[in-house]
Every structure is written in C-alpha cells, then in structure tokens.
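Chemist: Everything below, folded, please.
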Amino acid sequence: RCPRPGLSLSPRRAGPCPRPGPGKAREALQDQYQLGSLPGRGGFGSVYSEMRLSDSAPVAIKCVLRDRIRHWGELPNGARAPLEIVLLDKVSSGCGGVIELLEWVELPNNFLLVLERPERCQDLSAFLAERRFLPEEEARGLFRQVLEAVRHCTSCGVLHRDIKPDNILLDLATGQLKLIDFGCGAFLQDTAYTQFAGTLSYSPPEWTQHQRYHGEAATIWSLGLLLYQLVLGKHPFRRGQQIIWGRILFPQWLSQECQNVIRRCLSMQPLDRPSLEDLFNDPWLQGVHL
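Modeler: Residues are numbered from 1 along each chain as shown. Purely as a prediction, here's the structure:
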C-alpha cells in the first residue's frame, strides 16, 4: 500500500522541477502538505487531494508503488527515475494544457509525485456523465485545447498513449483542460510500437489486427474517439465490453464538418488518418463555418 505522505524520511526531488524552493526536498512531507481525500485510483497508483501549507495552493500527490514500475528513464541531471517522472519533466512546463509536476520524492517502496491541481476540477468522464454530451461549439473549444496539449507533448518527443476523458482534467472555474496521467507514456519514435500500453477500448484497429501501431496514427484514432464522445456522449464502437468495428452513426443535427473530422480520425487504415497538424488546421477546428 502507498503510505501517507507524512512517512517520508529522506525524499529526493527532481532537479528541473521549479517548485518548491531549495531545501524543501529534505523536509518531511507532512510539514509541507495537508492530506485530503483520495479522489482517484488507477492502474499505476493512487492520487491524493492535498493542500500545500506554505501558500494554501491545492495540489495532488500521486503514489506509485516501486514494484509496479515497468519502465525507467534518466533525468537531465543524471538521476534515474520512473519513466512517468522523466516524461512529465519534459512536458510539464511551457503548456497550460499539461499537468505540471511540482516535485517528486523517492521512498523505499514507492515514489510520490506532487502535481498541480485546479481548486475546482473534474475529469471529462465525470463531466460528460453529468452533461451527457456537449453542444458542438463547446466541444470544439475543448477539443482544440486537447490538440494543443498533444502537439506540445509531441514537440517534446513524448507520446501519451492513453488519451481518454478520464485522463483529461477540466478546471470548472476557467474552462481550461489539462492532460494528466503519463503512466502509459513513452518517448516518441518513428518506428512502430509492438507493445501495447493504455486502454484497450481506445486502441486502434491496427493493434487489434496486427499487434503494432505508429504513435501519431494511434493518437489521431484516440482523438477521434474523444471527439465523438464529446459531441455524442458515448463510444462509437463499443457494445458492452467488446469493440465492434462498423459504420459510424451520427445524428442529423451534428454538422457535416464535425462528422468529417471524426470520420477522418477514425479511418480504419492508419495512412488515411490526418496528421496532427492537418487536424489542427481543419476548417471545423478553426471555426470557419461557425
């Protein structure tokens, strides 16, 4: 089990992380944070809601068990760390659409990641469960934010690999989205990936059929699924616990331009899908027809 953060004895910080200031790493975490609720639990760890005592800023602390860590990497300062920390270190600055890693600590049996947390927030999955689906223009604005976050990650050489409503946090006060949970992430590569990481119901058909996929094509597929869920509130192919490929159904009230974006993203052939830049410049994303 993940211990309460107050059990830290000699935590270790990631050098490039900008906050908190020098010397904080050697303070016991119980003196820095007030433990709150346990809002999330995933395949790679538990996430605690916290408050930073120095300035009352809300944060989240993700606890990852050491024996669940499959991949490791190296930080710019030479420190060895779980790959999730290395990837977050690369992408968590320079883009408001990606969750920021504030610091991390190493314990004997686990790692603790201190992350920013909007004061009033909700993941998109819960948000859609309440709203069922979103008006097209609202969905377009949120989807564009996700594209900007994904484009930032790509420019940093990082592939998220698990884009879905559960991993997108919405700031209810500002409407800003943040891409979270890089536990399935990897470094971006030109060659095909032959190991799956992520959520199977969001995997592209080439993985199901050939057990291989390319990073950008798989990302575009997951973005198409996300957009369909934003405007219609459900997975286009899922029936019960199975994924059934077939014709994509749209209601008459959804604009043809939006339908075209989804169809292109969900092309069964990876080479028929748009690139990230092509998608970003699509007239529907630019709001040309609105």
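Chemist: could you say which helix or strand contains residue 225?
Modeler: Assigned by DSSP states H and E, residue 225 falls within helix 215-232.
Chemist: Could you do residue 146 as well?
Modeler: Using DSSP H and E, residue 146 sits in helix 136-155.
Chemist: swap in residue 104?
Modeler: Residue 104 is part of strand 101-106 when elements are defined by DSSP H and E.
Chemist: Show me what that strand is packed against.
Modeler: Where contact means 3 or more CB pairs under 8 Å, 6 or more residues apart in numbering; DSSP states H and E, strand 101-106 is packed against helix 83-91, strand 110-116. (Each C-beta comes from the backbone N, C-alpha and C, glycine too.)
Chemist: Return, as residue ranges, the portions of this structure with sub-threshold pLDDT.
Modeler: For the chain, the stretches with pLDDT under 70 are 1-31, 34-45, 53, 56, 239-246, 288-290.
Chemist: Can you show me the helices along it?
Modeler: Per DSSP state H, the chain carries helices over the ranges 83-91, 124-131, 136-155, 205-210, 215-232, 256-265, 276-280, 283-286.
Chemist: Mean neighbour count and distance to residue 51 for these - can I get that in CSV?
Modeler: Shown next, in CSV, are these (neighbours: other CB atoms under 10 Å; distance: least, CB to CB, whole Å):
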stretch, mean neighbour count, distance to residue 51
helix 83-91, 24, 21
helix 124-131, 15, 21
helix 136-155, 19, 26
helix 205-210, 14, 41
helix 215-232, 23, 31
helix 256-265, 18, 39
helix 276-280, 15, 37
helix 283-286, 16, 37
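Chemist: Now render these as TSV, adding distance to residue 195.
Modeler: Formatted as TSV, the helices of the chain follow (distance: least, CB to CB, whole Å):
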stretch	distance to residue 195
helix 83-91	13
helix 124-131	25
helix 136-155	19
helix 205-210	10
helix 215-232	12
helix 256-265	23
helix 276-280	22
helix 283-286	31
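Chemist: For residue 46, which of these is the nearest?
Modeler: helix 83-91 (13.9 Å; CB to CB).
Chemist: before we move on, back to that, pull out the buried positions in the strand holding residue 104.
Modeler: Using 16 or more other CB atoms under 10 Å as the test for burial, strand 101-106 gives 101, 102, 103, 104, 105, 106.
Chemist: State the pair within these that is farthest apart.
Modeler: Maximum distance among the buried residues of strand 101-106 (CB to CB): 15.2 Å, for 102 and 106.
Chemist: just checking, residue 93 touches residue 116?
Modeler: No: assessed by CB atoms under 8 Å, residue 93 is found out of contact with residue 116, at 11.0 Å.
Chemist: Who has more neighbours out of those two?
Modeler: Set side by side, residue 93 and residue 116 show more neighbours around residue 116, with 19 against 15, by other CB atoms under 10 Å.
Chemist: Quick check: that one touching residue 52?
Modeler: No: Residue 116 lies out of contact with residue 52 (CB under 8 Å); the separation is 10.0 Å.
Chemist: Give me the common contacts of those two.
Modeler: Residues touching both residue 116 and residue 52 (CB atoms under 8 Å, 6 or more residues apart in numbering) are residue 59.
Chemist: Relative to residue 264, how far out is the residue lying farthest from the centre of the chain?
Modeler: No residue in the chain sits farther from the centre than residue 252, which is 31.3 Å out by CA atoms, centre = their mean. From residue 252 over to residue 264 the distance is 20 Å, taken as CB to CB, to the nearest Å.
Chemist: now swap in residue 162 and tell me
Modeler: Counting by CB to CB, the gap from residue 162 to residue 264 is 22 Å.
Chemist: Residue 155 too?
Modeler: Counting by CB to CB, the gap from residue 155 to residue 264 is 22 Å.
Chemist: ok, now residue 88?
Modeler: Taking CB to CB, one finds residue 88 at 30 Å from residue 264.
Chemist: How about residue 228?
Modeler: Using CB to CB, we find residue 228 at a distance of 12 Å from residue 264.
Chemist: Got the phi and psi for residue 181?
Modeler: With angles defined as degrees, to the nearest 10, residue 181 sits at phi 60, psi 90.
Chemist: isn't it right up against residue 167?
Modeler: Yes: taking contacts as CB under 8 Å, residue 181 lies within contact range of residue 167: 4.6 Å.
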